[in-house]
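1. Provided below for reference: sequence and predicted model.
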Amino acid sequence: MNKIATITLDSDTFAEEISAEYSTDEKEKIITETYKKSIERIFDVLNNHGIKITFFIISSHLEYSDCVKITQKILSEGNEIGDHSYSHDRKIINLKESEFLKEIENSKNILHKKLNVTPSGFRSPGAEINESMIKILSSKNYLYDSSSNSSFLYSKLKKIYFASFRKEKYNHYKITNTDLPRKINSIYEFPLTASCFLGLPLFNFFLSPLGKFGTGILNRTIEKKEYLNYVIHLHEFISDNEIKGIHIKKGLMNIFNNTIKEKINFLNEAVKRFKNLSEIKTLKDFYYNLSYIEK
Ligand SMILES: [Zn+2]
């Protein structure tokens, strides 16, 4: 059987950097400028290859009309819009049930109001999920979640990051040790793929700064895995000096300094490789079309 690949885009901007604080106006400018520049750059590559992806949107971004317009266009071109939470709290797995429920209700309301979309899928900020969140997603009629990752190193790095930047304790949680799609309670989990490099998740963000070495990791991972879930982020495709008048604080999102051109080339190469070896679908199409998934 053909391998299946899903390319997913998370709408993170520098405004969600956990160690940085911006005023309301600054936040709006960072977010809208990122949508304007990054989305055009990313979809130029994707549309050239004729592929459709799942765009996991931080639904509070839809409070800005520029973001609504741009997202409507992506949607009208046949891509899927999924829910990347309302507030993008990276410690979302540590929220109380009622707080998580509020996140989901906010997202559903705003996605419906601004885009007329009922989201089928959820991606947690921070790439983790637990059983009680799954239960709530299912009660709100989500079909799938795509948040879990089986990487040992990722959770360690996250713990260190929280301790050093936020001076906060972070409770890691792992729902599954596999990176194959599977049913958890009543919905489907499409985990992030653990790459062949220290098991780190297959994030464009990790691989692209590594250049040829990154391409090598990508090739080996594509060959080895049956199911691939490749993750890109909006903040990768804009440089901090393109957001005029705002000093973008340094953090995890902008520690790598390869150029936008290099990043676009890397994405283009990555998409080519996925296309050669696998069928690329949105997660929603994947959910509906895979006959071996027992629903
Ligand atoms: Zn995110």
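-> The structure has been received and is ready for your questions.

2. quick one: contacts of stretch 231-246?
-> With contact meaning C-beta atoms under 8 Å, 6 or more residues apart in numbering, stretch 231-246 is reached by 7-14, 16, 22, 26, 29-30, 33-35, 37-39, 41-42, 192, 201-205, 208, 248, 253-254, 259-260, 263-264, 267. Heads up, the C-betas are built off the backbone N, CA and C, glycines and all.

3. Report the beta-bridge partner residues of the residue of the stretch 151-295 of the chain found nearest the ion.
-> As assessed by C-beta to the ion, the ion sits closest to His233 within the stretch 151-295 of the chain, at 6.7 Å. Per DSSP bridges, the residues bridged to His233 are Asp10.

4. quick one: it from Glu105, how far?
-> When distance is defined by C-beta to C-beta, to the nearest Å, His233 is 25 Å away from Glu105.

5. cool, Lys249 as well?
-> Distance, Lys249 to Glu105, using C-beta to C-beta: 31 Å.

6. ditto for Met133
-> 14 Å.

7. quick one, which of the two is more surrounded?
-> Met133 (24 against 13; other C-beta atoms under 10 Å).

8. Spatially nearest residue to that one (excluding sequence neighbours)?
-> Phe100 (5.7 Å; C-beta to C-beta, 6 or more residues apart in numbering).

9. show me the contacts for the one you found.
-> Contacts of Phe100 (C-beta under 8 Å, 6+ apart): Ile92, Ser132, Met133, Ile136.

10. Top of these by number of neighbours, please.
-> Met133 (24 neighbours).

11. Report pLDDT for that residue.
-> pLDDT recorded at Met133 is 95.

12. Quick one: residues contacting it.
-> Ile92, Ile93, Phe100, Ser124, Asp145.

13. Return the distance of the first one relative to the ion.
-> Going back to what we said before, that points to Ile92. In this view, Ile92 and the ion are 10 Å apart by C-beta to the ion, to the nearest Å.

14. for the third one, same thing?
-> If you measure Phe100 against the ion using C-beta to the ion, the figure is 16 Å.

15. what about the helix or strand hosting that residue, distance to the chain center?
-> Element membership for Phe100 (DSSP states H and E) is helix 97-115. Taking C-alpha atoms, centre = their mean, to the nearest Å, one finds helix 97-115 lying 18 Å from the centre of the chain it belongs to.

16. Equivalent analysis for stretch 127-146, please.
-> The chain centroid and the centroid of stretch 127-146 are separated by 16 Å under C-alpha atoms, centre = their mean.

17. what do you get for stretch 162-181?
-> The answer for stretch 162-181 is 16 Å, by C-alpha atoms, centre = their mean.

18. Pull out the buried residues from it.
-> Phe162, Tyr170, Ile175, Asp179, Pro181 (16 or more other C-beta atoms under 10 Å).

19. Would you mind giving me the confidence score for the second one?
-> The predicted local distance difference test score for Tyr170 is 66.
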